[in-house]
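[1] Make a model of this:
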Amino acid sequence: MSVRDPGYDPRTSSPRSGAHPLDGPAPAPGSAEARAGFGAKGPGRGRRGPGRPIAAGAAAVIVVALVAIGFSGGLHFGSASSPGGSPSASQAAGLGGGSPLASDGATASVSPSGDSSPGTSASPPAIIADVAFAPVTSFRTGRTGTSAADVSGMPSGASPFASLVLVKADATVELAALGVSASALGSHLVTVASADALMTTLAKHQTWLGFLRADQIGPGVRALAWGSASLFGETRVASLAAWPLHAQLPVAAGNVAYDPAAAWTLYAAGDLGLDRGAALAIKNHGNDPNYLYDGGTVKITGHCKHCSQFGWDLPYTQRTGHAGAVRSLIEGADFAIANMEEVAVKNFTFHSHGTVFTGNPAYLAGVRDAGFDWVSMANNHVGDFGPAGVLQSMNYLTQYGLLHGGAGANTAAAHKPSIVTIKGVKVALLSYDTIAPVYNATSTKAGSARMTNAYLKRDIAAARKAGAQVVIVWPHWGVEYTAGPTATQRTLAHDAIDAGADLVIGNHPHWAQAMEVYKGHPIWYALGNFTFDQTWSEPTMEGISLEFTFSGSRLVQVWLHPHLVLDWAQPNFMDPAGSGRVVLDQIFKASKNLPW
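    Below you'll find the predicted structure:
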């Protein structure tokens, strides 16, 4: 694997595509002026602070209304609006399980800039307005930023991008705003008929760069920073006025522009630990549970062949600074979620080995202070201390200000969705375990929620009835130490979406697993370990976390953050264009035969 940039910092973006400077402090994510309502994590919500108040309903689920995804020529989430700012036909129809469904049949009509084929518009433009537009590239890229030099450098080969693709109707004005001419770009300039076509084109050409209106950008592309400014994510600009790229373009009457000040973010991580190596790491660092979340950045410098006790290769690593980068992304999100792999109980016992876990409840302070808001209890270790341990762990999580789901005093409680409101959007989370049915709740016994098609239909319907605008399903499933999903995983994921879920995020295999898009909805089969201690092989030391940006109930971006676990249980981010590429490639290779 290549080591592209030892100075990578996920909290900042550099004018250099895919690279970040080492010197200088990183800006604090999630600035207060860019947040409002529930989404703002207040001063008391950061490190060692008390939990902030959460607007929650009687249930405990998180619902997020996602823009749906098609898969024509790759992962393709449709745009918010077609050229001219009007909704696409599929969105106007309101298709897709409670979420606006983007067109998945868009065909890129690619032509050199000299082609005279007209752009398309759903309705005549009403006015000429100041419109923000932004750089985008393939979803699979490891790049995070770009610059004017990347655009002007294409003809000479000085750019990391081979071609520039624009929506034809907007091309002339956008080129003028970028300060480059069509004649200077020559054959490196390509135009397409629509925003959907542009996103499909980028899925097929991973070295191309495009530009789209801000309100046309969907999660099927990777929006890039322009210079030091980002339009999406936790470190986005506070307002459109602070964004550097604008053009005078026609917009339809009633068009609603994307507003970064009104957007909100969701952070999702994999398996959290409290016992075994996680407890050991905490004890070795002043008994401070915050240590697990103080990770920065790391690069892989080589490999030790067959060096683990199980014969696996292990990476040689070098920390590259940016201590606290992991914590910054978690607490900078408006809502953060993860899988609590182990129970916290009063009479806990430290386990130096084995696969039975009981955690010190005091270590939950580290989870809370890192910025997590909700954890799933539905997994194959929830019953390691018996039904009493389930109830104790639930009580301790509540005491430490952490919402939780997927377990309860009985079947009804384990399956009960809870609703939270994030910036006016009702978001619901439902979590399930498929690995340890012996730990499933019954009518008289505390335990986890069981995942079946019948339960999915019932529980998702209940969440919708309670006002959920989008539903996230969070399963514990699959086969450990594999990158591809089983047939059962895929069937249950499809069942969840058919029942009305918008998004599925799984865990349990302890590896980062494949992605899939089913009927326009994304599935992440597993995120891998986060603060869980399996440092005996490289794949179990690695994982991803997800940073989502929503505009209202619409998903507009999702960014994958690869990481490596050091010192037993401390995740540290890797540059997605450098050392982290190995994690992304594992996911994309495992996804090769899946529809997306």
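[2] any idea how far residue 525 is from the closest residue to residue 461 other than its chain neighbours?
    Spatial nearest neighbour of residue 461, excluding adjacent residues (CB to CB, 6 or more residues apart in numbering): residue 500 at 7.0 Å. Every C-beta, even on glycine, is put in place using the N, C-alpha and C of the backbone. Note on residue 500: its distance to residue 525, by CB to CB, to the nearest Å, is 20 Å.
[3] More neighbours: which of these two?
    Per other CB atoms under 10 Å, whichever of residue 500 and residue 525 has more neighbours is residue 525, with 31 against 22.
[4] close enough to count as contact, that one and residue 515?
    Yes. Counting by CB atoms under 8 Å, residue 525 touches residue 515, with 7.2 Å between them.
[5] Quick check: end-to-end length of stretch 226-245?
    From its first residue to its last, stretch 226-245 covers 8 Å (CA to CA, to the nearest Å).
[6] so how far is stretch 274-294 from its chain's centroid?
    26 Å (CA atoms, centre = their mean, to the nearest Å).
[7] Correction: the previous question concerned stretch 417-435.
    Remark: stretch 417-435 is offset 16 Å from the chain centroid, using CA atoms, centre = their mean.
[8] if I look at the residue nearest to residue 461, how far off is residue 518?
    13 Å.
[9] hang on, residue 266 packs against residue 334?
    Yes. Shown here, residue 266 and residue 334 form a contact pair, counting by CB under 8 Å, at 6.9 Å.
[10] what residues do these two have in common as contacts?
    By CB atoms under 8 Å, 6 or more residues apart in numbering, residue 266 and residue 334 have these common neighbours: residue 422.
[11] Could you list the low-pLDDT ranges of the stretch 1-150 of the chain?
    1-125 (pLDDT under 70).
[12] where along the stretch 101-250 of the chain do the strands fall?
    Using DSSP state E, counting those that start in this stretch, the strands of the stretch 101-250 of the chain run over 111-112, 127-138, 145-146, 163-167, 189-192, 208-213, 221-223, 225-226, 246-251.
[13] Just put those in TSV and tack on mean neighbour count.
    Output for the strands of the stretch 101-250 of the chain, formatted as TSV (neighbours: other CB atoms under 10 Å):
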stretch	mean neighbour count
strand 111-112	14
strand 127-138	21
strand 145-146	24
strand 163-167	25
strand 189-192	24
strand 208-213	26
strand 221-223	26
strand 225-226	24
strand 246-251	18
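[14] Output those strands in CSV; the columns should cover distance to residue 469.
    Formatted as CSV, the strands of the stretch 101-250 of the chain follow (distance: least, CB to CB, whole Å):
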stretch, distance to residue 469
strand 111-112, 39
strand 127-138, 25
strand 145-146, 32
strand 163-167, 29
strand 189-192, 32
strand 208-213, 24
strand 221-223, 23
strand 225-226, 29
strand 246-251, 26
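[15] Could you say which one of the ones you listed comes nearest to residue 477?
    strand 221-223 (27.7 Å; CB to CB).
[16] and residue 259, how many residues sit next to it?
    By the criterion of other CB under 10 Å, residue 259 has 14 neighbours.
[17] what's the spacing between it and residue 448?
    Distance from residue 259 to residue 448, by CB to CB: 40 Å.
[18] In contact with residue 326, which residues?
    Taking CB under 8 Å, 6+ apart as the test, what residue 326 contacts is 293-296, 370, 563, 571-573.
[19] quick one: least confident helix or strand in the chain?
    helix 89-93 (a mean of 27; mean pLDDT, DSSP states H and E).
[20] which residues touch residue 447?
    Each residue near residue 447 by CB under 8 Å, 6+ apart is listed here: 382-383, 387, 390, 407-408, 414, 439-441.
[21] can you do 6 Å?
    If you count contacts by CB atoms under 6 Å, 6 or more residues apart in numbering, residue 447 has them with 390, 439-441.
[22] do the same with residue 152
    residue 180.
[23] distance of it from residue 180?
    5 Å.
[24] so which of the strands of the stretch 101-250 of the chain gets nearest residue 316?
    That would be strand 145-146 among the strands of the stretch 101-250 of the chain, by CB to CB, at 28.1 Å.
[25] who does the closest one pair up with?
    Strand pairing for strand 145-146, determined by DSSP bridges: strand 225-226 (parallel).
[26] burial count for the closest residue to residue 413 other than its chain neighbours?
    Nearest non-adjacent residue to residue 413, counting by CB to CB, 6+ apart: residue 441, 7.1 Å away. By the criterion of other CB under 10 Å, residue 441 has 26 neighbours.
[27] same question, residue 157
    So residue 157, with other CB under 10 Å, has 9 neighbours.
[28] ok, now residue 287?
    12.
[29] Then residue 266?
    Other residues close to residue 266 by other CB under 10 Å number 24.
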